[in-house]
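Undergrad: quick one, structure for this:
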Amino acid sequence: MIRSTPVLVYRIVLAILFLALIIALFRLQVIKGEYYKQVAELNFVRIRRVPATRGEIYDSKYRPIVVNIPSHNLYLTSGKIHNLPSLVRFLSAYFGITEQDLEQLVFQQRFKTYEEILLADNIPYETVLSLSEMMNYYPELSFRIGTTRSYLYPNHFTGYVGRINEDEYSQYKQEDYSINSYIGKTGLESYYEVLLRGQDGKEIVQVDAQGRSLDLFRNEGSIEPLNGLSLVLTIDNDLQEAANQAFPAGRKGAVVVLDAKTGGVLAYVSRPEFDPNVFMQRISPEIWAELNGKDRPMLDRVIHAAYPPGSVFKPLTAEIGLELGLVYRNTRLASCVGGMQYGNRFFRCWNHGGHGSTNVIDALKVSCDVYFYDLSQRIRLDVFHDYAYKNYLCVKTGIDLPNERNGFFPTTSWYHEKLGKAINIQGHKINLSIGQGEVLTTPMQIAAFYNALANNGLWIQPHILQQTVGRGRLTREEVQEVKTTRLPISPANLAIIRDGLWAVVNAPGGTGANSKVSDGTVYGKTGSAENSMGKVTHAWYAGYLVTDKPEITVVVFAENAGGGGAIAAPVANRIFNYYLGNREMIRQVVPIPANLQSNETPIETPPVESIPAENPAPSPVTGEAEE
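TA: As a prediction, the model looks like this:
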């Protein structure tokens, strides 16, 4: 019995070992079998992202504004790095990528070392050729052909795309963005990102232990990319160029041309302009300094800047007086003797010689400040404020572009908070009545207001998108409804305002005579606004063209340029005349080209919403200047 004890112990130990082995195998193959199967497949299978082609952007006649062009790009597979110091020296010497930049990119991709990281894009073909032989020393690097954006003319409305940054990636990675993705940064590229980007596909690739493709099951298990939708805009490229050429060289400002019937934007100019293509490559310090210089070329002066509107604001003051029954067509107010005394201050009219006693039509025609000074004393400030907002003159229009700025019109409580409750508001109302003081508007807000005057009081939300084409066709209304509303003015009082605007341009002594045309009728208003930006006034012009029906609305704004009648009105005249000379071509309806047509059923798309912008801080300015 004693001799058999070791044999028994041996058998017991052996049985325990076999039992442990059986349990381990059961755990590996049954309990954890699916897990280890996935791990094994990940060592054998790679999922490669197939980028979708971003939608392009066209004008109303399907002429290109933004297109995709081939691009040579450099990629890194971090799992293949074998000599980091040598790689850093190479990338720094030829692509300006620092060790810190590289470490950050590799760290972000640390859990997907087999996926390629985009290091540099839009590499000149000559550079690709010259470096091709050196790539043998860096198997972790590879050149690939992709696409990039080409913006066919400088503008602010398209915006531009850029490489997704860390904050954007954290916010949108659940929407299938990768660290290599491009995303709209500004303008239409940002606002309609959900339409333009499409959906990336997936390609399953089988690899060996060294990560090389085995070319197995090439056509199985892949997901084709869904290309983005292309945008067709209301912009007319020819009219856009005409407006751009009409604006004085070297001036800062903006031009807006709206289709009077639809509210669609036909031309959208902000000066100085910049070329969005500069953002398609790494920007040098010199270019970045120029883009952020004193002229601020990246500032969209159409919707991102608010200014004192000057006398183009006077039709609103007239509207309030008429609607409240404070004045009528022939009511004459205080006689203009070159200004008006209020308290211990003499508020000057731009015409120091005076205009005498005027009614509302003549006051608009000659832009008599005193008429509106006197009228303002009969209007409560908060009523003035409410009318400004109901006419959409100091609020966002809702145009389909991101970060549109509010205007501003003060209230009694605002003055009390800023200047104390003992403040006499009457003097401030005098300035507000002529578009001076604290009131601020954007050129787009002024354009939408005058467009409503042309449309018998119907305010139509300005918009740039007309439809989408390509993979699916969506009308503007299917993407986002265009808002319409009625201005708070009766047809009879609107007719009085329009008679005044007609007189500004067409009657003897009108300040807007420089905008008059021979083949149509122009209704308009000039303005010259004193401001905190310099001693020279801002020049304004706002008006609309009528033939047998309202055609277009034009707003011209020039920073620190002088009188609106002398500077801005001639710009509008050139635009009106260009339109009249090319009306049939501009209004021509062009069929969708075959290459942009789709046989697919219209697709469902998530609603597009603009990004809210902060309210601007008002910049108090007083006084009036020559029209």
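
Undergrad: and the strands in the stretch 251-400 of the chain?
TA: Along the stretch 251-400 of the chain, the stretches classed as strands by DSSP state E, counting those that start in this stretch are 253-259, 265-271, 339-342, 345-348.

Undergrad: could the ones you listed go into CSV alongside mean pLDDT, mean neighbour count and distance to residue 513?
TA: For glycine as for every other residue, the C-beta is placed from the backbone atoms N, C-alpha and C. Putting those into CSV (pLDDT from 0 to 100; neighbours: other Cβ atoms under 10 Å; distance: least, Cβ to Cβ, whole Å) gives the following:
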stretch, mean pLDDT, mean neighbour count, distance to residue 513
strand 253-259, 98, 27, 20
strand 265-271, 97, 27, 23
strand 339-342, 92, 17, 24
strand 345-348, 92, 15, 23
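
Undergrad: wait, doesn't residue 514 sit right on residue 565?
TA: Yes. Contact criterion Cβ atoms under 8 Å: residue 514 and residue 565 qualify, at 6.0 Å.

Undergrad: can you list the low-confidence ranges for the stretch 51-200 of the chain?
TA: By pLDDT under 70, the low-scoring segments of the stretch 51-200 of the chain are 108-114.

Undergrad: could you rerun that using 50?
TA: Applying pLDDT under 50 to the stretch 51-200 of the chain flags no residue at all.

Undergrad: hmm, back to that, more neighbours, residue 514 and residue 565?
TA: With neighbours defined as other Cβ atoms under 10 Å, residue 514 and residue 565 compare such that residue 565 has more, 27 against 20.

Undergrad: pull the contacting residues for that one.
TA: Residues near residue 565 by Cβ atoms under 8 Å, 6 or more residues apart in numbering: 511, 512, 513, 514, 526, 528, 541, 627.

Undergrad: what's the farthest-apart pair in those residues?
TA: Distances among these were taken as Cβ to Cβ; the most separated pair is 513 and 528, at 15.2 Å.

Undergrad: more crowded one of these two?
TA: Applying other Cβ under 10 Å to residue 513 and residue 528 shows that residue 528 carries more neighbours, namely 28 against 18.

Undergrad: the more buried one belongs to a strand?
TA: Yes. Per DSSP: H, G, I helix; E, B strand; the rest coil, residue 528 lies within a strand segment.

Undergrad: is it true that it touches residue 558?
TA: No. Judged on Cβ under 8 Å, residue 528 makes no contact with residue 558 at a distance of 10.2 Å.

Undergrad: which residues are common contacts for these two?
TA: 538, 539.

Undergrad: what about the nearest residue to residue 457 once chain neighbours are set aside, how many neighbours?
TA: Nearest residue to residue 457, sequence neighbours excluded (Cβ to Cβ, 6 or more residues apart in numbering): residue 487, at 4.5 Å. Per other Cβ under 10 Å, the neighbour tally for residue 487 reads 21.

Undergrad: now residue 487: how far from residue 362?
TA: 23 Å (Cβ to Cβ, to the nearest Å).

Undergrad: same question for residue 489.
TA: Taking Cβ to Cβ, one finds residue 489 at 20 Å from residue 362.

Undergrad: comparing the two, which residue is more hemmed in?
TA: residue 489 (25 against 20).

Undergrad: now do the same contact list for the more buried one.
TA: 319, 322, 323, 457, 497.

Undergrad: can you say which two of the residues you listed are spatially most distant?
TA: Among the contacts of residue 489, 322 and 457 lie farthest apart (Cβ to Cβ), at 12.6 Å.

Undergrad: with neighbour numbers in mind, choose between the two.
TA: residue 322 (22 against 19).

Undergrad: so who does the more buried one touch?
TA: 328, 360, 489, 493, 496, 497.

Undergrad: in the sheet, who's paired with residue 542?
TA: residue 525, residue 555 (DSSP bridges).

Undergrad: list the contacts of it.
TA: 312, 446, 447, 449, 450, 524, 525, 527, 553, 554, 555, 556.

Undergrad: switch to 10 Å and redo it
TA: Listed by Cβ atoms under 10 Å, 6 or more residues apart in numbering, the contact set of residue 542 reads 256, 309, 311-313, 315, 443, 446-447, 449-451, 453, 501, 512, 515, 523-527, 553-557, 564, 568, 572.

Undergrad: okay, and which of the residues you listed map to helices?
TA: Residues of those located in helices (DSSP state H): 315, 443, 446, 447, 449, 450, 451, 453, 501, 572.

Undergrad: so which of the strands of the stretch 251-400 of the chain gets nearest residue 199?
TA: If we rank these by Cβ to Cβ, the stretch that ends up nearest is strand 265-271, at 29.0 Å.

Undergrad: so what are the sheet partners of that closest one and their directions?
TA: Strand pairing (DSSP bridges) places strand 265-271 next to strand 253-259 (antiparallel).

Undergrad: centre of the chain to the strand it pairs with, how far?
TA: Distance of strand 253-259 from the chain centroid (Cα atoms, centre = their mean, to the nearest Å) equals 15 Å.

Undergrad: next, the angle from it to helix 443-454.
TA: 30 degrees (axes from the mean of the first three to the mean of the last three Cα atoms, to 10 degrees).

Undergrad: may I have strand 253-259 exported as CSV, CA atoms only?
TA: Output of strand 253-259 as CSV, limited to C-alpha atoms (Å, rounded to 0.1, in the frame of the first residue of the first chain):
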residue,chain,number,x,y,z
GLY,A,253,-17.8,97.3,-47.8
ALA,A,254,-20.5,95.1,-49.2
VAL,A,255,-23.0,94.6,-52.0
VAL,A,256,-26.2,92.5,-51.8
VAL,A,257,-28.5,91.8,-54.8
LEU,A,258,-31.8,90.0,-54.0
ASP,A,259,-34.4,88.6,-56.4
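
Undergrad: so which strand or helix has residue 195?
TA: helix 193-196 (DSSP states H and E).

Undergrad: list the contacts of that helix.
TA: 52, 54-57, 66, 159, 161, 172, 175, 182-185, 188-190, 227-231, 402, 465, 468, 470, 472, 474, 479, 603, 605-609.

Undergrad: buried residues, stretch 516-533. List them.
TA: Across stretch 516-533, burial judged by 16 or more other Cβ atoms under 10 Å covers 516-517, 520, 522-531.

Undergrad: fine, thanks again, bye for now.
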